[in-house]
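>>> Give the three-dimensional model of this entry:
(2 chains)
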Amino acid sequence: MRKIICVGNRYIEPDGAALWIYDQVQEKKEKYLEWIEGGIGGMNLLPHFETKKEILVLDYFAGTPNATLFSLEDVLAKVDIKEYSHPNAFYYLLNSLDVLLENRPKINILSCNPQTPAYEQEIFAFIEQWKNNAA
Amino acid sequence: MAKKITLNVPLNRVEGDLDINVTIEDGVIVEAKSIGTLYRGFENILQGRVALDSLVVTPRICGICSVTHLCAAVDALENAQNITPPAQAVRLRNLSLLSETIQSDIRQFFLMFMGDFTNEFYQDAPFYQEATHHYEPFKGASSKEALKKTTEILKVVAIIGGQWPHTSHIVPGGISTLPSLLELTVAQNHIEEIISWYEQNVLGCSLEAFSKIESVESFMYHLEENAETDIARFTRYAEYAQLFKIGKTSQNFLSYGTVHNPLNPSERLIKAGVIIEGKFEELDVSKIYEDISHSWYKQVNVKQKPFDGVTQPDMKSEDGYTWAKAPRYAKKVMQTGPLAQALVNGDKLLTSLNDKYGDCAYVRELARILRPAIHLKYARQDIQGAIESFGDMSYNQAVEEFSGEGVGLVEAARGALGHWVRVKHGKIENYQIITPTAWNGSPQDLEGNRGAWENALIGLECRDIKNPMEMGHVVRSFDPCLVCTVHAIDMQDSKQKYKFKIGL
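Next up, the predicted model:
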């Protein structure tokens, strides 16, 4: 079992890209995946990281090719977060996991870029492959 | 060769942006403008939708106050249909709302306000090392612990709501989930765990013992006796930073009250009301209106009652400088938040502190970190009540299609939150939301009265214009739910413009 957390503000384009992916899987029944609407939960998503399941975070990154996979370490090295604030709460949380959890799960982050033609198909194709690797 | 990828992480997704433009003359602020830079427009998203859609859309306005918006939306629909929820539902709703507010108060204090004392601005202060040890972002021992504990309290909402985040368990007529007895007991354990931590670290005594401290003198004595608590450290740092003197705006306070009495849900155990120029009055919702004279909206009707409120964006409006409207109560600028809640409710300690020091940044922030002392007592009472009443009905059937008007008034972490809804044949005809930050961060009105924190900044002395920490303390003491950047113009050299990211 693996977990996918979709983050972003669904009411702001293109920030809501991961949530629009989430909306599409609501009708499906996934056997090996747990989908979470992380939305704008920010710091409040901590309970979802208290797990041994491997986690894939879906998020929109401006100017980044669609379906690009980053490790958590890559992202944190690039994001300069010095203090907690409401808008950067999610990345503050990711940056705090090592001090908050004894054994944090493996986390990767997948970029969703809705400006790419057929971005949903690329994301679902990636997830299908990622899921099969886990099975 | 490795492929180079630029990564621009979105750091601006909660509710919107806030700029504060200040003009400084000889080191003193002479003008302040609070500018909401992002058009929100949720009111327009809701028009024409099925009434129950407000339970799904409005919690997504804010990731921090999601449950609070849900409660306000439900209250408005119940008010429109004259529905009273059963006692067990009231207890579980109270617990959901209290949990969200407690986590917000604690995080704001530890991660934001106390974090500022570790800024290089204070590197020569006698407390700098101590502050860094306890409150430095990511590393501070007390901040880390606070973050862990606030996660525990949010598990209470997850247990009751059955989904986290963006839960929708509160519905007109009651709640839609049925937590088991075991789950309620687990929730009770989470509440007791945070009470124990809060008593030991923040207060230095039990909730009951602290409630007996009613005067400034006995409070200061308590701090001396418990010098290693967070409130004692905060008071020492505040004294050095002169927070007792800055940030005053007025003695007009607004609170919608909170914690409904399960046996009489229309009664709020923390009462609603207003204080105008120091005098308490019962709340009269009909006195609330929004002034849009300085907002970027079509100037059709400059003073709008919320039920008839119109949200038509127009960036060309002549005097407009913000997307925020200016809510007023009986033509008065009101401040809202934990201090207003405490004063309206007649809290003796905070009343005596306000009498002595006024609504300064210290008293306003202290009210925030002392509020869990009250809220945790109600949370303890409600979870015990919910366990004892396990199996009782928690839902009354709501009317499916109706016409009517309703208002939902809730105390959010940042103060008074109101939802006004008009429904026709089951569809939303009009919806208006007045958030606490709209009250505190409003622009000027037609009469030229500045908003609460605009006014609090006037006359403020800034020691270092390149790092205007005083402004940060003042604005942060209101706890705006916006990303905030202060832009300062130095009148000695009008070309110079400094930016100070408060990072709210």
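
>>> Quick check: the gap between the residue at minimal distance from the centre of chain A and chain B.
In chain A, the centroid-proximal residue (Cα atoms, centre = their mean) is residue A:57; its distance is 1.5 Å. Remark: distance between residue A:57 and chain B (Cβ to the nearest Cβ, to the nearest Å) = 11 Å. The way it works is simple: take the backbone N, C-alpha and C, and place the C-beta from them, glycine included.

>>> Next, give phi and psi for that residue.
phi -100, psi 130 (degrees, to the nearest 10).

>>> Quick one: low-confidence residue ranges for chain A.
Scanning chain A for pLDDT under 70 picks out A:29-31, A:86-87, A:134-135.

>>> Tell me the buried residues in the helix or strand hosting residue B:190?
Per DSSP states H and E, residue B:190 falls inside helix B:181-197. By 16 or more other Cβ atoms under 10 Å in any protein chain shown, the buried positions in helix B:181-197 come out as B:183, B:184, B:187, B:188, B:190, B:191, B:194, B:195, B:197.

>>> so who does the first one touch?
Neighbouring residues of residue B:183 by Cβ atoms under 8 Å, 6 or more residues apart in numbering or on different chains: residue B:159.

>>> how near is it to residue B:160?
Distance, residue B:183 to residue B:160, using Cβ to Cβ, to the nearest Å: 8 Å.

>>> for the third one, same thing?
When Cβ to Cβ is the yardstick, residue B:187 and residue B:160 sit 7 Å from each other.

>>> which residues are common contacts for those two?
With contacts defined as Cβ under 8 Å, 6+ apart, the residues shared by residue B:187 and residue B:160 are B:95, B:179.

>>> Worst mean pLDDT across the helices and strands of chain B, which element?
strand B:483-490 (a mean of 48; mean pLDDT, DSSP states H and E).

>>> do the helix or strand hosting residue B:95 and chain A meet at all?
Per DSSP H and E: residue B:95 is located in helix B:87-107. Yes: counting by Cβ under 8 Å from any Cβ of the partner chain, contacts between helix B:87-107 and chain A involve B:103, B:107.

>>> Repeat that for stretch B:22-37.
No: Stretch B:22-37 lies apart from chain A when judged by Cβ under 8 Å from any Cβ; the minimum separation is 12.7 Å.

>>> tell me how far the ends of that stretch are from each other?
End-to-end distance for stretch B:22-37, by Cα to Cα, to the nearest Å: 15 Å.

>>> For that stretch, buried residues please.
For stretch B:22-37, by 16+ other Cβ under 10 Å, it's B:22, B:23, B:24, B:29, B:32, B:33, B:34, B:35, B:36.

>>> What does residue B:395 show for phi and psi?
Main-chain dihedrals, residue B:395, degrees, to the nearest 10: phi -150, psi 130.

>>> That one contacts residue B:86, correct?
Yes: at 7.1 Å, residue B:395 counts as touching residue B:86 under the criterion of Cβ atoms under 8 Å.

>>> what's the overlap in contacts for these two?
residue B:174.

>>> returning to what we had before: which one of the buried residues of helix B:181-197 sits closest to residue A:71?
Using Cβ to Cβ, residue B:190 is the member of the buried residues of helix B:181-197 that sits closest to residue A:71, with 32.5 Å.

>>> what sits up against the helix or strand harbouring residue B:409?
Using DSSP H and E, residue B:409 maps to strand B:404-412. Residues outside strand B:404-412 that contact it (Cβ under 8 Å, 6+ apart): B:65, B:68-69, B:71-81, B:97, B:101, B:255-258, B:270, B:272, B:285, B:306-307, B:341, B:416-423, B:435-436.

>>> Now with 6 Å, please.
Strand B:404-412 is contacted by residues B:65, B:68, B:71-72, B:75-77, B:79-80, B:256, B:258, B:307, B:341, B:417-423, B:436 when judged by Cβ atoms under 6 Å, 6 or more residues apart in numbering or on different chains.

>>> what's the answer for stretch B:301-313, then?
The contact list for stretch B:301-313 (Cβ under 6 Å, 6+ apart) reads B:39, B:43-44, B:289-293, B:297-298, B:405, B:420, B:422, B:432, B:446.

>>> for stretch B:453-462, same thing?
Stretch B:453-462 is contacted by residues B:27-29, B:32, B:34, B:246-247, B:249, B:440-441, B:468, B:470, B:474-475, B:478 when judged by Cβ under 6 Å, 6+ apart.

>>> now do stretch B:256-275
Residues from elsewhere that reach stretch B:256-275 (Cβ under 6 Å, 6+ apart): B:84, B:87, B:90-91, B:94, B:253-254, B:280-283, B:343-345, B:378, B:409, B:411, B:416.

>>> What's the biggest helix in chain A, counting residues?
Secondary structure assigned by DSSP state H gives helix A:119-134 as the longest helix of chain A.

>>> Buried residues, that helix. List them.
Across helix A:119-134, burial judged by 16+ other Cβ under 10 Å covers A:119, A:122, A:123, A:126, A:127, A:130, A:131.

>>> quick one, strands of chain A?
Taking DSSP state E, the strands of chain A run over residues A:2-7, A:33-39, A:55-59, A:69-71, A:107-111.

>>> Figure out which of the ones you listed is closest to residue B:170.
strand A:33-39 (17.2 Å).

>>> relative orientation of the closest one and strand A:2-7 in degrees?
In terms of direction (axes from the mean of the first three to the mean of the last three Cα atoms, to 10 degrees), strand A:33-39 departs from strand A:2-7 by 20 degrees.

>>> Could you check how many residues crowd around residue 102?
Answering for chain A, as no chain was given. For residue A:102, the count of nearby residues is 6 (other Cβ atoms under 10 Å in any protein chain shown).

>>> Not quite, go with chain B.
Neighbour count of residue B:102, defined by other Cβ under 10 Å: 25.

>>> coming back round to it: which single one of the contacts of stretch B:453-462 is nearest to residue B:369?
Closest approach between the contacts of stretch B:453-462 and residue B:369, by Cβ to Cβ: residue B:478, at 14.4 Å.

>>> nearest spatial neighbour of whichever residue of the stretch 251-400 of chain B sits closest to chain A, skipping sequence neighbours?
Minimum separation of the stretch 251-400 of chain B from chain A (Cβ to the nearest Cβ) falls at residue B:323, amounting to 14.1 Å. Sequence neighbours aside, residue B:36 is the residue nearest to residue B:323 in space, at 4.3 Å (criterion: Cβ to Cβ, 6 or more residues apart in numbering or on different chains).

>>> Could you measure from the one you found over to residue A:11?
Distance, residue B:36 to residue A:11, using Cβ to Cβ: 16 Å.

>>> Same question for residue A:26.
For residue A:26 relative to residue A:11 (Cβ to Cβ), the value is 18 Å.

>>> Output stretch B:83-101 as CSV, restricted to C-alpha atoms.
What follows is stretch B:83-101 as a C-alpha-only set of coordinates in CSV (Å, rounded to 0.1, in the frame of the first residue of the first chain):
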residue,chain,number,x,y,z
ILE,B,83,-33.2,23.9,13.0
THR,B,84,-31.7,23.1,16.4
PRO,B,85,-29.1,20.3,16.5
PRO,B,86,-29.3,17.6,19.3
ALA,B,87,-27.1,18.0,22.4
GLN,B,88,-24.6,15.2,21.4
ALA,B,89,-24.0,16.9,18.0
VAL,B,90,-23.4,20.3,19.8
ARG,B,91,-20.7,18.7,22.0
LEU,B,92,-18.9,17.1,19.0
ARG,B,93,-19.1,20.4,17.1
ASN,B,94,-17.8,22.3,20.0
LEU,B,95,-14.9,19.8,20.2
SER,B,96,-14.1,20.2,16.5
LEU,B,97,-14.1,23.9,16.6
LEU,B,98,-12.2,24.2,19.9
SER,B,99,-9.5,21.8,18.7
GLU,B,100,-8.9,23.8,15.5
THR,B,101,-8.7,27.1,17.5
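
>>> if I look at the nearest residue to residue B:393 once chain neighbours are set aside, how far off is chain A?
Closest residue in space to residue B:393, ignoring its immediate chain neighbours: residue B:86 at 5.0 Å, by Cβ to Cβ, 6+ apart. Remark: distance between residue B:86 and chain A (Cβ to the nearest Cβ) = 28 Å.
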